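Novice: with the sequence up front, the predicted model follows.
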Amino acid sequence: MAASPRVVYRRLLRTRGPAGWWPGRTAFEVCIGAILVQNTAWPNAARALRALASRRLLSHRALRGRRAEAIAPIIRSCGTFNLKARRVAAFVDFLERRYGGRAEAMARQEPMELRRQLLEVPGIGPETADCMALYAAGHPLFVVDAYTRRVFSRLGLIRGDESYEELQRFFMRRLPADASLFNDYHAQIVGLAKDHCRARPVCTACPLDDLCPKQGIQ
DNA sequence: GCCCAGGTGGGTA
DNA sequence: TACCCACATGGG
């Protein structure tokens, strides 16, 4: 069977089971998590989320009007904390202006319009915007990340140097526009890459091995 | 001690 | 467009 996004997903679901993402109790928490996890391992972001929650700061109401300098020391564990504190403050401000402070209201916006709005917020780039649109608002936008590039270029289905939007279109043209599918797909890729692609010097026991023309190559 | 992690934005040529 | 770099903690 030739590899394709559909075939890859069926294989991942069969061999690994549903991934069960995104950790977050509310839409707001998911959005803050999407900022805190940028270029960071999830456990570090989770620790920062817990630090906010333990101070009862994990809500729009609690963070509204708070200065980045006050947020930064609380989220130290996720790295680049001064930067991310400014980004959190900018997102809180955006939510206030556009959605009355209610992250849940993003679900009623037209998906591409929401994406466009999010990209105007400083510190929210394409991946973070799509994570928010998909995992917080339930819109069917495919999330592309470094793992997606790595896995699918190893499979020989992409070159790997395509733009973010090119890759997003690549997947969205080949998959049904289904938020729960995109949700689990991204989670599967991250889980797969963590468990297999990081192995050095070669991939180990990868469930996609027989689909991969570059077996054993980093 | 070194490399990497579920990116983004600014600078330079 | 294509690189380079800063941002910074924590785990392997």
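Specialist: In hand now; what should we look at? Numbers count the residues shown, from 1 in each chain, chains lettered A, B, ... in the order given.

Novice: going forward, measure contacts between C-alpha atoms and count neighbours the same way
Specialist: Noted.

Novice: what about stretch A:101-114, start to end distance?
Specialist: Using CA to CA, to the nearest Å, the span of stretch A:101-114 from its first residue to its last is 15 Å.

Novice: buried residues of it, list them for me.
Specialist: Across stretch A:101-114, burial judged by 16 or more other CA atoms under 10 Å covers A:101-103, A:106-107, A:111, A:114.

Novice: ok, those residues vs residue A:8, which is closest?
Specialist: Distance to residue A:8 across the buried residues of stretch A:101-114 (CA to CA) is lowest for residue A:111, with 25.7 Å.

Novice: skipping adjacent residues, who's closest to the closest one in space?
Specialist: Of all residues not flanking residue A:111 in the chain, residue A:139 sits nearest, at 5.9 Å (CA to CA, 6 or more residues apart in numbering).

Novice: mind listing what the one you found touches?
Specialist: Going by CA atoms under 8 Å, 6 or more residues apart in numbering, residue A:139 touches A:107, A:111, A:133, A:179.

Novice: quick one: the third one and residue A:115 touch, right?
Specialist: Yes. Residue A:133 lies in contact with residue A:115 (CA atoms under 8 Å); the separation is 6.8 Å.

Novice: where does chain A have low pLDDT?
Specialist: Scanning chain A with the threshold set as pLDDT under 70 gives A:1, A:198-203, A:214-218.

Novice: and the residue nearest the centre of chain A, how far is that from residue A:183?
Specialist: Geometric centre of chain A, nearest residue: residue A:131, 4.2 Å, by CA atoms, centre = their mean. Taking CA to CA as the measure, residue A:131 falls 9 Å from residue A:183.

Novice: and for residue A:193, the neighbour number?
Specialist: 18 (other CA atoms under 10 Å).

Novice: what about it, is that helix, strand or coil?
Specialist: helix (DSSP: H, G, I helix; E, B strand; the rest coil).

Novice: give the contact list for it.
Specialist: A:147, A:151.

Novice: now do it against residue A:177, distance only.
Specialist: Using CA to CA, residue A:193 is found at 24 Å from residue A:177.

Novice: just residue A:165 next, same as before
Specialist: According to CA to CA, residue A:165 stands 16 Å off from residue A:177.

Novice: and residue A:32, by the same measure?
Specialist: Distance of residue A:32 to residue A:177, given as CA to CA: 25 Å.

Novice: relative to the whole chain's centre, how far out is the longest helix anywhere in chain A?
Specialist: Of all the segments of type helix in chain A, defined by DSSP state H, the longest one is helix A:81-99. Taking CA atoms, centre = their mean, to the nearest Å, the mean C-alpha location of helix A:81-99 is offset from the chain mean by 17 Å.

Novice: other SSEs contacting the helix or strand that comes right after it?
Specialist: As assigned by DSSP states H and E, the chain's next helix or strand after helix A:81-99 is helix A:111-119. Here helix A:111-119 touches helix A:126-131, going by 3 or more CA pairs under 8 Å, 6 or more residues apart in numbering; DSSP states H and E.

Novice: got a list of contacts for the helix it packs on?
Specialist: Helix A:126-131 is contacted by residues A:31, A:34-35, A:38, A:115, A:118-119, A:141-145, A:164 when judged by CA under 8 Å, 6+ apart.
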